[in-house]
Structures are given as C-alpha cells and as structure tokens.
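K.L.:
3D model of this:
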Amino acid sequence: MADDANLFTPDRIARAQEAAGAAGIDALLVSPGADLRYLTGYQALPLERLTCLVAPVGGEPFLVVPQLEKPAAEVSPAGDLGIEIVGWAETDDPYELIAKRLGSGVGRIGVDNHMWAEKVLAFRDALPGAEQALAGAALSELRMRKSAGRARCAR
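P.N.:
You can find the predicted model right below:
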C-alpha cells in the first residue's frame, strides 16, 4: 500500500506506554516481529544480535539496533517517528546499554511475547531487580483496533 508509512505514528508508541502503565509495567521491550512492526514500521529481521524498541512508561522511547543495521532502521518508517535510534557496536553489550538508560527505578519490564529466550534471560541478568512480564497483555488491545485506512483495506 503506497501510504503505508502514514500508518506509523508516534502515538502508537505513546498508547503502548499508557497501556503498559495501566498494566503495572514500567517499560516495554519489543524485539523484531509483528509488535515492533506495528509500533514503528521497522521490519527488522530476527537476528542473534539484539534489536529492541525500549518504551519506558515515564520516559522517551528509543530503538536499539546493531550499528550495521542503523541505516536500515533510519530509512524505515521508524526513522520518521522522532525517536532516537541507538546503534551498538560488536564489542558493546546492548543489554547493559538498555539497563543503564532505564536506570534503577524499573521494577517491572514487559518483554514481547515472542522474544527469544536467550534475549529474555540476558535482560534478566542486565536488570536483576526487575520482574519480567509478558507485554502482550498491554499490546494486544492496541493491535485489535484498526485505523480507518486499515479498515477500508480489509473490506
């Protein structure tokens, strides 16, 4: 669809942050898959290297990507959302980078329902004081609502 990029707006992430807050989640961690594409328009490949949208309830969202993937993220619809796209080098620890940016006040994180187990466990190690929960409870309601443009296309 030619105007597909117009569907990806910053308010999708803001609504996800609100839903997370209502679910008692302090930050959403969304890896490649349907939820990341819905929220940002970035159709990242699920790789062994971490790509993750970080959406703290009380802060600014940012997208963490391997440095080599940063140009692709910047030219995707995510590049037009006004969120910071943070590239990480091969020698960096992206989980620690995210943990430092979130800070110690994060008590409960919502990991997307399809995040690979190795990534979930790496977040557990990087954020040992944070309880992990599935983000699906906060995100599923948002994805059920169709925009007017999508509703017309579905007919």
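K.L.:
shaky segments in the chain?
P.N.:
Along the chain, the model assigns pLDDT under 70 to residues 1-6, 143-155.
K.L.:
again, only using 50
P.N.:
1-3, 148-155 (pLDDT under 50).
K.L.:
Strands of that one, start to end?
P.N.:
27-30, 52-56, 62-66, 84-88, 108-111, 131-134 (DSSP state E).
K.L.:
Need the residue closest to the centroid of this protein.
P.N.:
Geometric centre of the chain, nearest residue: Leu53, 2.6 Å, by C-alpha atoms, centre = their mean.
K.L.:
circling back to that earlier point, return the most buried member of the strands of the chain.
P.N.:
Highest mean neighbour count of these: strand 27-30, a mean of 28 (counted as mean count of other C-beta atoms under 10 Å). C-betas here are computed from N, CA, C, even on glycine.
K.L.:
could I get that strand in PDB with only the CA atoms?
P.N.:
Provided in PDB are the C-alpha atoms of strand 27-30 (Å, rounded to 0.1, in the frame of the first residue of the first chain):
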ATOM      1  CA  ALA A  27       9.000  -0.300  30.400                       C
ATOM      2  CA  LEU A  28       8.200  -2.300  27.300                       C
ATOM      3  CA  LEU A  29      11.000  -4.200  25.500                       C
ATOM      4  CA  VAL A  30       9.900  -5.200  22.000                       C
END
